[in-house]
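A.B. asks: I'd like to go over a predicted model; first the sequence, then the structure.
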Amino acid sequence: MITANVNQREQPPAPPPESESPREPEVEQERERERRREDEACPECGGRPAVDEERGETACVDCGLVLSEDAIDRGPEWRAFDGEERGAKSRVGAPSTLMLHDKGLSTGIGWQDRDAYGKALTSRQRRRINRMRTWDERFRTRNHKERNLKQALGEIDRMASALGLPDNVRETASVIYRRALNDGLLPGRSIEGVATASLYAAARTAGTPRSIDEVVAVSRIDDLEFRRTYRYVVRELGLEVLPADPESYVARFASELGLSDEVERRAHELLAAGRDREVHVGKNPVGLAAAAIYAAGLLTNEKATQSEVADVADVSEVTIRNRYKELLDAAEAEQSAF
């Protein structure tokens, strides 16, 4: 009896029937994606949920149903009101960013020539630290690709600071330049040219465009090289850059001229009427925005001279005179149609 029991235990399990064979991995992955989409959708209307970080809630953007609440706040427990206080209270390093060639993951040796206690270094220690800095810099850029990327990202940061562009535009420009470098678009073209084209395309994509004249003014290349390089980068990378919207320039021009919100609102209305009448077709969007600002100032009795608007927008006064009449005629045609 004991032998029989042992033999029964040692017998391998019977294979599963063919009907219970494991399913294909592709089918399993597709069903998993479908279940995930169903879990993420709103159970009431099937809409898309969004997270409100201030309230700690997840609610549907279509019907407003609160799906979850009391979410965990993963931010710091302290508050800071300026950069110095934030740096003093922070207990971690800076986040990784694409705006640096090493994504900010490497460390550096400071240039203060002081030790951990704040005491000045001796001449012998300074010479030693300088040699360490030199080798540290060489190791951070070990090949020509990293040196190229470091120079280009520094150029992007310099131009973005001069143009007043936010960090998201700089990040996007860094991604575009990295793509151009990886795809081998740099041979035969200057680093400054591709960096300028990347920044211009990123600003257009983010909805904070700058005119070509403004970009060329802070760049180290001329207008012809910039236009040629920009067309090449957009074509080779397949970037979907929409034509610049004149309305995206209005707020900046009105702010620099010190005009009120009413002027800005009327300028948007004039541009909307001009778009309905197809006045913007074939026209420079910067010139249209400047003309809308000038025409809105006339309508609200808050005048800005043509020369002032031309200086801010970097267009000629003739362009403003021609375009603002077209916008006013389009607005009158829109009113008469109703």
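C.D. replies: Here it is on my side, so go on.

A.B. asks: residue ranges for the helices of the stretch 201-338 of the chain, please.
C.D. replies: Secondary structure of the stretch 201-338 of the chain, counting by DSSP state H, counting those that start in this stretch: helices at 212-218, 223-237, 247-257, 261-276, 285-299, 306-313, 317-337.

A.B. asks: For the fifth one, C-alpha coordinates in PDB please.
C.D. replies: In PDB, the C-alpha atoms belonging to helix 285-299 read as follows (Å, rounded to 0.1, in the frame of the first residue of the first chain):
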ATOM      1  CA  PRO A 285       0.500  87.600 -38.600                       C
ATOM      2  CA  VAL A 286       2.600  90.100 -36.700                       C
ATOM      3  CA  GLY A 287       1.500  92.900 -38.900                       C
ATOM      4  CA  LEU A 288      -2.200  91.900 -38.400                       C
ATOM      5  CA  ALA A 289      -1.800  91.800 -34.700                       C
ATOM      6  CA  ALA A 290      -0.200  95.200 -34.600                       C
ATOM      7  CA  ALA A 291      -2.900  96.600 -36.900                       C
ATOM      8  CA  ALA A 292      -5.600  95.100 -34.600                       C
ATOM      9  CA  ILE A 293      -4.000  96.800 -31.600                       C
ATOM     10  CA  TYR A 294      -3.900 100.200 -33.400                       C
ATOM     11  CA  ALA A 295      -7.500  99.900 -34.600                       C
ATOM     12  CA  ALA A 296      -8.800  98.800 -31.200                       C
ATOM     13  CA  GLY A 297      -7.100 101.800 -29.700                       C
ATOM     14  CA  LEU A 298      -9.000 104.100 -32.100                       C
ATOM     15  CA  LEU A 299     -12.300 102.400 -31.300                       C
END
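
A.B. asks: hmm, back to that, just name the most buried of the helices of the stretch 201-338 of the chain.
C.D. replies: Mean neighbour count (mean count of other C-beta atoms under 10 Å) peaks for helix 285-299 among the helices of the stretch 201-338 of the chain, with a mean of 26. Backbone N, C-alpha and C define where each C-beta goes, glycine included.

A.B. asks: ok, now which ones touch residue 280?
C.D. replies: 246, 271, 274, 288 (C-beta atoms under 8 Å, 6 or more residues apart in numbering).

A.B. asks: Would you single out the least confident of the helices of the stretch 201-338 of the chain?
C.D. replies: Note on those: helix 317-337 shows the lowest mean pLDDT, a mean of 86.

A.B. asks: chain center to that helix, what's the gap?
C.D. replies: Centroid displacement of helix 317-337 relative to its chain, using C-alpha atoms, centre = their mean, to the nearest Å, is 34 Å.

A.B. asks: Export the contacts of residue 280 to TSV and append columns for distance to residue 216.
C.D. replies: Converted to TSV, the contacts of residue 280 look like this (distance: C-beta to C-beta, whole Å):
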residue	distance to residue 216
246	20
271	25
274	27
288	20
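
A.B. asks: biggest separation within these, which pair?
C.D. replies: The most widely separated members of those, counting by C-beta to C-beta, are 246 and 274 (8.2 Å).

A.B. asks: and for those two, which residues touch both?
C.D. replies: Taking C-beta under 8 Å, 6+ apart as the criterion, residue 246 and residue 274 both touch 280, 288, 292.

A.B. asks: Find the nearest non-adjacent residue to the last one, please.
C.D. replies: Spelled out, that is residue 292. residue 267 (4.0 Å; C-beta to C-beta, 6 or more residues apart in numbering).

A.B. asks: do the same with the second one
C.D. replies: Leaving out its chain neighbours, the residue that sits closest to residue 288 by C-beta to C-beta, 6+ apart is residue 246, at 4.1 Å.

A.B. asks: Tell me how many other residues crowd that neighbour.
C.D. replies: Neighbours of residue 246 under the rule other C-beta atoms under 10 Å: 28.

A.B. asks: Contacts only, for it.
C.D. replies: 271, 280, 285-286, 288-289, 292.

A.B. asks: Output the shared contacts of residue 246 and residue 274 in TSV; the columns should cover distance to residue 90.
C.D. replies: Formatted as TSV, the shared contacts of residue 246 and residue 274 follow (distance: C-beta to C-beta, whole Å):
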residue	distance to residue 90
280	47
288	45
292	45
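
A.B. asks: Let me see the ranges of the strands in the protein.
C.D. replies: 49-52, 57-60, 66-68 (DSSP state E).

A.B. asks: which stretch among those strands comes nearest residue 312?
C.D. replies: Between the strands of the chain, strand 49-52 lies closest to residue 312; by C-beta to C-beta that is 37.5 Å.

A.B. asks: From the chain's centroid, how far away is that closest one?
C.D. replies: With C-alpha atoms, centre = their mean, you get 21 Å for strand 49-52.

A.B. asks: before we move on, what about stretch 146-165?
C.D. replies: The answer for stretch 146-165 is 14 Å, by C-alpha atoms, centre = their mean.

A.B. asks: ok, now stretch 205-223?
C.D. replies: Mean-position distance between stretch 205-223 and its chain equals 16 Å (C-alpha atoms, centre = their mean).
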